[in-house]
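>>> whatever this is, show me its structure:
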Amino acid sequence: MILAPQLAFQGDCRQAFTFYAALLGGEIRIMNTFGDNADHALPPGSAPQPAHYVRYAEVHFGDGILRGNDVGADQFEPMRGFSISLHCETASEARRFFDGLAEGGNVSTPLTKVDGAELFGMVVDRFAVPWLVLALGK
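Just a heads-up that it's a prediction; the model follows:
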């Protein structure tokens, strides 16, 4: 089984996934737009979108996968009720990722020592995606 969250954006999926791949060392394996796929039928529940909107994107981080797409204003709902949990091997890695995600975003819990983790912090990035960043330590 593979668990792969899929995030919905309102026109900035490409920018978000490009940012995540660069910051977290991932590889974008799929990035297609509605314009690229104009001759393909839309999946059930989907609505036509501007040609530059991302129809489907996939970025891989080791064994992890993050998927996403753009939706129109009538379908978009801000992300809430979850966080993407990023478990880092070192405190320096956690700080680097946390600082990158926090740039232009909103820190709700600064990185701090907690029971069970060398560092823990919570941030909503500039694309409105909520993250938990942990350095588990060894």
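>>> you'd agree Pro48 is up against Leu42?
Yes. Counting by CB atoms under 8 Å, Pro48 does reach Leu42; the two are 6.8 Å apart. All C-beta spots, glycine's among them, are computed from the backbone N, C-alpha and C.
>>> so for the two, which residues contact both of them?
Common neighbours of Pro48 and Leu42, counting by CB atoms under 8 Å, 6 or more residues apart in numbering, are absent.
>>> export the helix or strand hosting Ala8 to PDB, keeping only CA atoms.
Assessed by DSSP states H and E, Ala8 sits inside strand 6-9. Written as PDB, here are the backbone C-alpha positions of strand 6-9 (Å, rounded to 0.1, in the frame of the first residue of the first chain):
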ATOM      1  CA  GLN A   6      -3.300  14.800  -2.800                       C
ATOM      2  CA  LEU A   7      -3.600  18.600  -2.300                       C
ATOM      3  CA  ALA A   8      -5.900  20.900  -4.200                       C
ATOM      4  CA  PHE A   9      -4.600  24.400  -5.100                       C
END
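>>> which elements pack onto the helix or strand just after that strand?
Per DSSP H and E, the first helix or strand lying C-terminal to strand 6-9 is helix 13-24. Secondary-structure packing of helix 13-24 (3 or more CB pairs under 8 Å, 6 or more residues apart in numbering; DSSP states H and E): strand 6-9, strand 27-33, strand 54-61, strand 64-70, helix 91-102.
>>> kindly reformat the ones you listed as a markdown table and extend each row with distance to Phe76.
Compiled in a markdown table, the helices and strands packed on helix 13-24 are given as follows (distance: least, CB to CB, whole Å):
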| stretch | distance to Phe76 |
| --- | --- |
| strand 6-9 | 6 |
| strand 27-33 | 17 |
| strand 54-61 | 13 |
| strand 64-70 | 9 |
| helix 91-102 | 21 |
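>>> need those in TSV with mean neighbour count and mean pLDDT, can you?
As requested, the helices and strands packed on helix 13-24 are exported to TSV (neighbours: other CB atoms under 10 Å; pLDDT from 0 to 100):
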stretch	mean neighbour count	mean pLDDT
strand 6-9	17	95
strand 27-33	15	96
strand 54-61	20	95
strand 64-70	19	95
helix 91-102	19	97
